[in-house]
Every structure is written in C-alpha cells, then in structure tokens.
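Chemist: sequence below, structure please.
(one chain, ligands or ions: 2)
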Amino acid sequence: MSTLHVLDHPLIHHKLSILRDKNTGVKEFREIVGEISTLMCYEATRELPTVEVEVETPVATAKVRALGDTKITLVPILRAGLGMVDPMIKLLPSARVGHIGLFRDPDTHEPIKYYCKMPDDIAQSAVFILDPMLATGGSASAAITFVKEYGCKSIALLNIIAAPEGINVIERDHPDVDIYVAAVDDSLNDHAYIVPGLGDAGDRIFGTK
Ligand code: PRP
Ligand code: URA
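Modeler: Ligands and ions are numbered 1, 2, ... in the order given. Sure, this is the predicted structure:
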C-alpha cells in the first residue's frame, strides 16, 4: 500500500494560502511553487541512503554522513511539473532530469502523451515524479507506469495539491509508490478540477491565461 505523506506544517499552510488566492500574480505564484517544492524535497528525500565519510575540519577528523552514490532522477510532468524542478535541483545538484509531456483530453480527462526523454540509466535511480496537481490521478498514474517500464524500482510522487480521487487511483495502480502532498482537497468538479484547488497550475505558472 502506498504511504501518503501530508506535509502538515505552518509554513506550508501559509504558502498554500497565497498559492490558492486567485489574485496572486504569476511571479509570486512561481516563487511560492518553488518554495513549497523545496520543503517537499526535504521531506521526500528523508529515506535516501547515506554513507559514512571522513572530512578534515580545521580542528580534527570528523566522521560524517553524506549522500552516497545513489542516482537521483527528477521527472516533471509537463508543463506544470517544470515549476518544481529548479528548487529541487538546488538541494539535489547532481540529480538528472527526465521529462514526460502529458496533457488531459478536455472531454475525457484521459492523459495524452506527447513527449518523453529519460536518462539512459534511470532504472538505477531514485525517481521523484513532480506535478503540482493530482486530480483524477490519470496523468500521474500514466507517468509512473511509464517510468516503471524503464525498470525503475524506487519511485515517489510529489504533488502540491491532491484530490482524494487521485490519491485512490495511485494507491490502486501503484501501491509501491509513496505520495508526498502539501494538501488534500475536498473533491473534483465536473471538469475534473480540484475543489477548492488553485485553478490551472500550468496556466498560472506560465501565465498562459
Ligand atoms: C494538469 C496537471 C496534471 C494534470 C492533473 O496538467 O499539471 O498534469 O492536469 O490532472 P489528472 O490528475 O486528472 O490527470 P494539464 O493536463 O492541464 O496540462 P498542462 O500542465 O500542460 O497545463
Ligand atoms: N489540473 C490543474 O492544473 N488543476 C486542477 O485542478 C486539475 C488538473
């Protein structure tokens, strides 16, 4: 069964209140998506393995822990997932990035794939799939299925806002994948938008509406 991690924290609540506000402009929206992504990265990487190494401080030799040679791959779902990449790379500077382009058919809400480029050795990576919105779960489930086809075993899904319907779909389709979210909202509306949500994440990040 997937483990659902809800980041219940005052900083997250405050930043979400700005993100949800329809009067928040594109500059601030992008910045807040980045700040929340940084906080989510901190939580989602908690189980990464570390190795003991020695460093010389100005005073003595210290045995310390550092990230070993675990490969890390970030997989943003285009478009909106791109808004989560740079803040995560700041914390994970050697991470590689695979891209998957999906958009929802406006009538069926089914995901349609239009682009994909993954690192060659993604199978050995800890993979973090990034998308601000988990609505019906169709896009995230398809993206996870896709990276599994490359042989990936360690996969986590990071969403800023999730609907219960989407969480159920990931738990059903991918019980081996942990889900990290900043908020679980009430429901979906007739257009499969998250309620209350924040509107169309891609449009708000890229200023396309
Ligand atoms: C949004 C969002 C997710 C998807 C979530 O993308 O960024 O990828 O919808 O919906 P789902 O859980 O019902 O699949 P959208 O399809 O609007 O594409 P865009 O990022 O290019 O705007
Ligand atoms: N995609 C979005 O950007 N927002 C939603 O509420 C649902 C899907």
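Chemist: how near is H14 to I89?
Modeler: To I89, H14 is 24 Å away according to C-beta to C-beta, to the nearest Å. (Each C-beta comes from the backbone N, C-alpha and C, glycine too.)
Chemist: oh, that last question was meant for V184, not what I typed.
Modeler: 27 Å.
Chemist: which of H14 and I89 has more neighbours?
Modeler: Neighbours were counted for H14 and for I89 using other C-beta atoms under 10 Å; I89 has more, 16 against 12.
Chemist: and L198, how many neighbours?
Modeler: 24.
Chemist: residue contacts, it?
Modeler: Neighbour list for L198: L19, R20, P132, M133, I161, R204 [criterion: C-beta atoms under 8 Å, 6 or more residues apart in numbering].
Chemist: that one: what secondary structure?
Modeler: coil (DSSP: H, G, I helix; E, B strand; the rest coil).
Chemist: these two touch, right, V85 and L74?
Modeler: Yes - using C-beta atoms under 8 Å, V85 is in contact with L74, at 5.8 Å.
Chemist: pick out whichever of those two has more residues nearby.
Modeler: Using other C-beta under 10 Å as the criterion, V85 and L74 rank with L74 on top: 24 against 19.
Chemist: spell out which residues of this protein are next to ligand 1.
Modeler: Residues of the chain lying near ligand 1 by C-beta under 6 Å from any ligand atom: 77, 79-80, 102-104, 109, 111, 131-140, 166, 192, 200-202.
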